[in-house]
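Undergrad: Provided below for reference: sequence and predicted model.
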Amino acid sequence: MTNLYKSLMILAFLAAGTEPVKLVDVADMSGLVAESVFGGKERKDFILETTGNGVAILDVDQDGDEDVLLLNGTTLDGGNAKTPRLPTLYINDGKGKFTAKGLESGFTTEGWAQGVCAGDYDNDGRTDLFITYYGHNRLYRNLGAGRFVDVTAKVGLPTSGIRFGSGCTFLDYDRDGRLDLFVANYVNLDLAKTPRPGKGEFCVWKEIPVMCGPRGLPLASNVLYHQEADGTFRDVSAVSGILKPSGRYALQAVSADFDNDGWPDIYVACDMTPSLLYHNRGNGTFEERGVEAGVAFNADGRLQAGMGVAVGDFNNDGFLDIAKTNFSGDLTSLYLNENGKFFTDVSAVARLGLRQLLGWGIAFVDFDDDGWKDLLLVNGHVYPEVDQAKVDDRYRQQTLLFRNLGNGKFDDLTAKAGPALLTPRASRGLAIGDLDGDGRPEAVIWNMNDKPSLLKNTALGGAFVNLRLQGTKANRSAIGARVQVQAGGKKWIDEVMSGSSFYSQNSMTLHFGLASAKVVERVTVNWPGGKVEEWKNLPVNALCGLVEGQNKADCRAY
């Protein structure tokens with residue numbers, strides 16, 4: 001038994017009670033200790049200083065353990081720092097202890113990093129990373145052994161000009177076995193032309209002079225890159241229909257098959273402009289139908305300041321639903337997928353309106369493994385100035401946990417699930433994955449100008465199974481693969497996705513809570529490209545590797 005595990009068990013014992021989830025922040029003892037830098041601490045003069053960074057959970061060195069990448073930013077005074085402000089790659093020892101890789105990781109560029117998404121773009125068996133920036137974005141090829149190299153120019157992606165890159169997602173939209181890339185852009189920001197706090201119509205909030213935007217700033221456009229046979233990327237935004245909608249203040253993007261037709265669609269959460277749902281027509285083009293589908297506005301038809309996105313089947317009906325975080329004073333959006341074409345905003349009915357903080361990262365995760373996906377939300381205001389004003393909002397806010405009751409409603413478990421949730425933070429990115437090798441998911445939170453948090457659930461739950469997929473004819477990362485699990489007379493679905501939450505990347509290992517099931521009766525995988533395969537009688541409380549074209553699963557018990 002490791003010292004880390006012993007410490008957690010002691011904390012769990014001290015946190016007496018019968019609640020199904022008890023979250024403890026173990027970041028310090030795990031070695032995730034680097035403090036982030038992102039703009040001013042006491043005030044934010046420009047919108048660029050407010051968005052923060054994301055976090056990625058992935059196995060960078062192919063040793064079977066999930067590692068962590070924490071992005072970083074800078075400040076408006078740029079190079080006055082004594083040490084470079086760089087993304088930090090943490091290597092996992094397999095037991096939840098992390099060591100910073102340092103400059104040898106290859107992440108040596110200082111700047112305004114924003115979001116991150118993962119995918120093996122060159123199908124060499126190593127997961128690569130795309131990082132969005134204010135300036136130009138960067139594609140990092142994984143060389144193995146925790147080392148990356150910037151190949152942005154080599155693959156034909158832009159290396160000049162200024163864009164405010166935000167969320168990103170790899171997807172194989174034409175199912176040719178090569179990963180393509182969708183990149184959202186937030187605003188067309190020119191700092192020299194942007195008014196100072198309090199100097200414009202959209203530069204005051206509740207009588208407080210604050211940074212300007214996004215309203216009043218130029219709208220941005222999203223970009224879709226197709227990967228050619230030679231490994232380069234071609235901008236197909238216009239011919240694919242991505243540019244057909246007008247500009248947006250786009251933040252987080254995620255790709256998933258929302259209508260179960262086998263083709264990956266794209267959802268984009270937008271700030272103070274209608275959110276977007278790009279339906280994949282299966283012929284290389286997309287049709288934007290967010291308003292028609294019911295996911296562009298809230299239930300009252302009003303605009304929202306959308307931030308982060310989670311995708312999952314919260315009611316276990318076989319269709320992927322959408323959860324979206326929003327600005328302070330608004331409900332967290334929960335869009336129930338009715339039939340693959342139309343969604344209903346059930347936020348109020350689901351009881352997500354009881355806590356209306358300013359949300360960013362969000363994830364569906366079955367913490368108690370009862371077979372129903374819960375919701376974890378991280379929060380924090382955009383304006384540090386609120387702490388000096390006579391308003392109800394505060395800059396640092398609680399992390400919220402809503403437990404899925406299985407009847408379409410959620411229970412606010414925040415006050416009962418341990419002090420780690422009640423600690424106020426100015427959080428942004430959030431990623432989910434099993435970091436200590438016990439099979440059950442942890443949550444890594446990126447905090448503004450502060451150390452990260454690593455939340456571990458110390459309460460025991462039901463049975464589970466973890467599935468790690470590998471494509472052969474499909475893209476190697478299996479992004480877009482739809483998985484159905486049958487156990488104990490019940491069914492669950494999930495999909496391998498790239499990029500989600502807010503600016504972040506969850507582990508691509510799929511976690512299924514199975515309640516009291518004793519065996520996994522059947523796993524069905526619809527691979528990108530249309531091939532369907534089945535595996536039967538897999539063990540519970542195990543990690544199973546599923547490789548396209550191989551009829552035997554590689555399972556090991558936890």
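TA: In hand now; what should we look at? Numbering: from 1, shown residues only.
Undergrad: isn't residue 506 right next to residue 498, touching?
TA: No. The pair residue 506 / residue 498 is not scored as a contact, 9.3 Å apart, by CB atoms under 8 Å. No exception for glycine: its C-beta is placed from N, CA and C like everyone else's.
Undergrad: report the outermost residue of the protein with respect to its centre.
TA: Taking CA atoms, centre = their mean, the residue of the chain most remote from its mean C-alpha position is residue 199, at 34.3 Å.
Undergrad: which SSE is that one in?
TA: Counting by DSSP states H and E, no helix or strand carries residue 199.
Undergrad: and what of residue 279?
TA: Here residue 279 is assigned to strand 276-280, by DSSP H and E.
Undergrad: what's downstream of that strand, the next helix or strand?
TA: Next in sequence after strand 276-280, counting helices and strands by DSSP H and E, comes strand 286-288.
Undergrad: is residue 496 in contact with residue 476, as I believe?
TA: No. Using CB under 8 Å, residue 496 is not in contact with residue 476, being 11.2 Å away.
Undergrad: so for the two, which residue has more residues nearby?
TA: Each of residue 496 and residue 476 has its neighbours counted (other CB atoms under 10 Å); residue 496 has more, 25 against 21.
Undergrad: residue contacts, that one?
TA: Listed by CB atoms under 8 Å, 6 or more residues apart in numbering, the contact set of residue 496 reads 469, 477, 478, 479, 480, 481, 483, 508, 510.
Undergrad: contact partners for the spatially closest residue to the residue farthest from the centre of the chain that is not a sequence neighbour?
TA: Leaving aside its chain neighbours, residue 199 sits nearest to residue 212 (7.5 Å; criterion: CB to CB, 6 or more residues apart in numbering). The contact partners of residue 212, by CB under 8 Å, 6+ apart, come to 46, 47, 194, 195, 196, 197, 199, 200, 202, 203.
Undergrad: export those residues to a markdown table and tack on distance to residue 364, secondary structure and pLDDT?
TA: Putting the contacts of residue 212 into a markdown table (distance: CB to CB, whole Å; DSSP: H, G, I helix; E, B strand; the rest coil; pLDDT from 0 to 100) gives the following:
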| residue | distance to residue 364 | secondary structure | pLDDT |
| --- | --- | --- | --- |
| 46 | 33 | coil | 98 |
| 47 | 29 | helix | 98 |
| 194 | 36 | coil | 96 |
| 195 | 39 | coil | 96 |
| 196 | 40 | coil | 96 |
| 197 | 36 | coil | 96 |
| 199 | 41 | coil | 95 |
| 200 | 38 | coil | 91 |
| 202 | 33 | coil | 95 |
| 203 | 36 | coil | 97 |
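Undergrad: which one (most neighbours) among those residues?
TA: Most neighbours among these, by other CB under 10 Å: residue 47, with 25 neighbours.
Undergrad: any idea how far residue 245 lies from residue 188?
TA: Applying CB to CB, to the nearest Å, the value for residue 245 to residue 188 is 16 Å.
Undergrad: neighbour count: those two, which is higher?
TA: Each of residue 245 and residue 188 has its neighbours counted (other CB under 10 Å); residue 245 has more, 21 against 15.
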